[in-house]
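In: Here is my input, please return the structure:
(chains A and B)
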Amino acid sequence: MSVRVRFAPSPTGALHIGGVRTALYNYLFARHHGGAFILRIEDTDQNRYVPGAEAYIIDSLKWTGLIPDEGLGFGGDYGPYRQSDRKDLYGQYARELVERGHAYYAFDTPEALENARQNAENFTYNFHTRRTLQNSLNLPATEVQRRLAGGEHHVIRLKVEPGEDILVRDLIRGDVVFQSSELDDKVLLKADGMPTYHLANIVDDHLMRITHVIRGEEWLPSTAHHVLLYRGFGWTDTMPQFAHLPLILKPAGNGKLSKRDGAKFGIPVFPLPWKAENPEDSFTGFRDTGFLPEATINFLALLGWHPGDDQEIFSMDELIRAFSLAHIGKSGARFDYEKAKWFNQRYIHAADNAALAAHIQPLAAARGYRSDLPFLTKVAALMKERATFLPDFVEQGSYLFGPVQVYDEETIRKKWNPGFQPALEALAGIVSRTNPYEAATLEEQVKQFIQDQGLKPGEILPLLRLALAGTMKGPAVFDMAVVLGREESARRLAEAPDHFNRAMAETAG
RNA sequence: GGCCCGUUCGUCUAGGGGUUAGGACGCAUCCCUUUCACGGAUGAAACACGGGUUCGAUUCCCGUACGGGCUACCA
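Out: Numbering: from 1, shown residues only, chains lettered A, B, ... in the order given. Below you'll find the predicted structure:
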């Protein structure tokens, strides 16, 4: 039987990075085994539905390259892949379970249950308490029929028999045993006719022929109920295998990573930006922060999984080849943003200059900067060794796109002296004259000049850099001068003394 | 509270009855470089605790502590 796995997010808002990792592991598992990766939208809670969330999920998968073989927006033979579009199906199955004696109708109102919770500490709807509640197990059959026919408020609950051990075989955690007496009679079909997660999940996994359920650890406790459902339906022979992933924890403090942690720690916890009417509900993502999708994937892959050796940089193909559920850890993994940055830096360094230029183009254009690819390719080559994020190219390299905005005052104070004015003017002359206009020849000429004048490199080179860039941080000066171009470089050198003098005057005053 | 899962450097992790407990991020120092980075080298840094089992436990078992998840007509 060929492997079929699904990623089944709920469209309740932006998909956070933990969800992306779950999708990634499902994707890698499917690809590794030559199976299918399916996207299913679990929108059974009408109250929590958020418009735009579905599109966000799909866009996120596309950005990260986790393209489903089947699913909402991707076609496939097992649709529809949105649970609200399958609503009628679940009612039938729920009623079938009632007929089979594994579920029952319950007429208790939310208020009545709320009341029961108030009166009894730790109230649960189970084999014990259900005897005193309003359900088809207690009410006379005629009464049940009457209420049903009258369209009275009701749900369908799973009938959990007490006194059984329920074994969950987990591919990551091993065997986990639950006592059925501890389990509650979960609602399967809600009063609005929609299924709960538990029912919809089992029905769809069965109908979609899912072979492996790879999901977050938060689902482990309810897996016992799911096993009971497979039994109730008589589907145990095709029950998927389970693998519960360790959670991603907050960068600091306690608890699992949550949506709010992005703002709290000043880091992205979403793949893409999410804009909501309320600014507090809007988030930045990895993409707009300037992460490359490949770096994001690589980072996420290693958050909870390891290859078994010391390799850390993985292409998607390499991940697919190396991936195995056996190498997924059991304990929660703390979100390490420093490591994420390191991955991005590595990927930017290794990236092709033309490819980087394409990434930089929209950023340059947005600032009104020159944004032709040949030029941006040169900028990429010049700057990529010190970029961590994509916007670094236009932010740290702003002087490559236009006039120097700010000259570093401290360097002016330390290095500038009006006596160097003739030297800078001479440098402008060298820049205008040097042929060919290349870094190596330029360097040779400038150093020759410094030597001929009896100056020290440490006196002149910093001024050269400052004149061209305004800052002491940056790429090799002569390479920079070449990218700036002969005319622009000469102009900056010629005008620099004025800027320096003015800055000196201002600090003095 | 109950149920379930987990616990190796600050972080991600390898390892597994006898190891100098390995790698990576971050940090520190040095080298390279008259910038900032990259790169290279070096260093500090861990088996939660207590009992067993064993010749020997970080590794196996049991407790404790701590952390996490679940406990909805949410997923």
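
In: from here on, contacts and neighbour counts on C-alpha atoms
Out: Noted.

In: For the stretch 401-509 of chain A, just list every one of the helices.
Out: Secondary structure of the stretch 401-509 of chain A (DSSP state H, counting those that start in this stretch): helices at A:409-415, A:421-433, A:439-452, A:457-469, A:477-484, A:486-508.

In: Nearest to residue A:94, out of those helices?
Out: Residue A:94 sits nearest to helix A:477-484 of all the helices of the stretch 401-509 of chain A, at 69.3 Å, using CA to CA.

In: Tell me if the closest one is near RNA strand B.
Out: Yes. Helix A:477-484 lies within reach of RNA strand B by CA under 7 Å from any atom of the strand, at residue A:477.

In: which residues touch that helix?
Out: Helix A:477-484 is contacted from outside by A:378-379, A:382, A:400, A:437-440, A:442-443, A:464-465, A:468, A:489, using CA atoms under 8 Å, 6 or more residues apart in numbering.

In: Would you mind putting the helices of the stretch 401-509 of chain A into a markdown table with distance to residue A:250 alongside?
Out: Converted to a markdown table, the helices of the stretch 401-509 of chain A look like this (distance: least, CA to CA, whole Å):
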| stretch | distance to residue A:250 |
| --- | --- |
| helix A:409-415 | 39 |
| helix A:421-433 | 53 |
| helix A:439-452 | 47 |
| helix A:457-469 | 39 |
| helix A:477-484 | 41 |
| helix A:486-508 | 45 |
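
In: rewinding a little: residue A:310: which of the contacts of helix A:477-484 is nearest?
Out: Closest approach to residue A:310 among the contacts of helix A:477-484 (CA to CA): residue A:382, at 30.7 Å.

In: if we can go back for a sec, of the contacts of helix A:477-484, grab the buried ones for PyMOL.
Out: The following PyMOL line selects those of those that are buried, judged by 16 or more other CA atoms under 10 Å:
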select buried, chain A and resi 378+379+382+400+437+438+439+442+464+465+468+489
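
In: quick one: residue A:305 from RNA strand B, how far?
Out: Distance of residue A:305 to RNA strand B, given as CA to the nearest atom of the strand, to the nearest Å: 6 Å.

In: what's the pLDDT at that residue?
Out: Per-residue pLDDT puts residue A:305 at 97.

In: Do I have it right that it meets residue A:330?
Out: No. In this structure, residue A:305 is not within contact of residue A:330 by CA atoms under 8 Å, at 9.5 Å.

In: And those two? Which one has more around it.
Out: Neighbour count, other CA atoms under 10 Å: between residue A:305 and residue A:330, residue A:305 has more, with 20 against 15.

In: Might you report the residue contacts of the closest residue to that one other than its chain neighbours?
Out: Nearest residue to residue A:305, sequence neighbours excluded (CA to CA, 6 or more residues apart in numbering): residue A:328, at 4.3 Å. Taking CA under 8 Å, 6+ apart, we find residue A:328 in contact with A:172, A:245, A:304-306.

In: Among these, which one lies nearest to RNA strand B?
Out: Of all the contacts of residue A:328, RNA strand B sits closest to residue A:304, with 2.9 Å by CA to the nearest atom of the strand.

In: hang on, the closest one packs against residue A:333?
Out: Yes. Between residue A:304 and residue A:333 there is a contact at 5.8 Å, judged by CA under 8 Å.

In: residues shared between the contacts of the two?
Out: residue A:246.

In: Make TSV out of the helices of the stretch 401-509 of chain A and add mean pLDDT.
Out: TSV is the format used below for these (pLDDT from 0 to 100):
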stretch	mean pLDDT
helix A:409-415	92
helix A:421-433	96
helix A:439-452	94
helix A:457-469	95
helix A:477-484	97
helix A:486-508	92
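
In: ok, residue A:494 to residue A:412 distance?
Out: 16 Å (CA to CA, to the nearest Å).

In: er, residue A:184 actually
Out: 74 Å.

In: Repeat that for residue A:403.
Out: From residue A:403 to residue A:412 the distance is 17 Å (CA to CA).

In: got it, and residue A:367?
Out: Residue A:367 is 28 Å from residue A:412, by CA to CA.

In: Quick check on those two: which one has the bigger neighbour count.
Out: residue A:412 (21 against 13).

In: Return the residues in contact with that one.
Out: A:500, A:503-504.

In: Residue A:292 now?
Out: A:344, A:347-348, A:390.

In: So which residues on the stretch 101-250 of chain A come close to RNA strand B?
Out: Contact residues (CA under 7 Å from any atom of the strand) of the stretch 101-250 of chain A with RNA strand B: A:107-110, A:122-124, A:153-155, A:173-179, A:182, A:186-187, A:189-192, A:195-198, A:217-222, A:247.

In: what comes into contact with stretch A:451-459?
Out: With CA under 8 Å, 6+ apart, stretch A:451-459 has contacts from A:415, A:447, A:450.

In: Out of the residues you listed, which is nearest to residue A:133?
Out: residue A:415 (86.1 Å).

In: For the closest one, grab the count of nearby residues.
Out: Using other CA under 10 Å: residue A:415 sits among 16 other residues.

In: Quickly note the distance from it to residue A:472.
Out: Taking CA to CA, one finds residue A:415 at 11 Å from residue A:472.

In: which neighbours do the two share?
Out: With CA under 8 Å, 6+ apart, residue A:415 and residue A:472 have common neighbours residue A:462.
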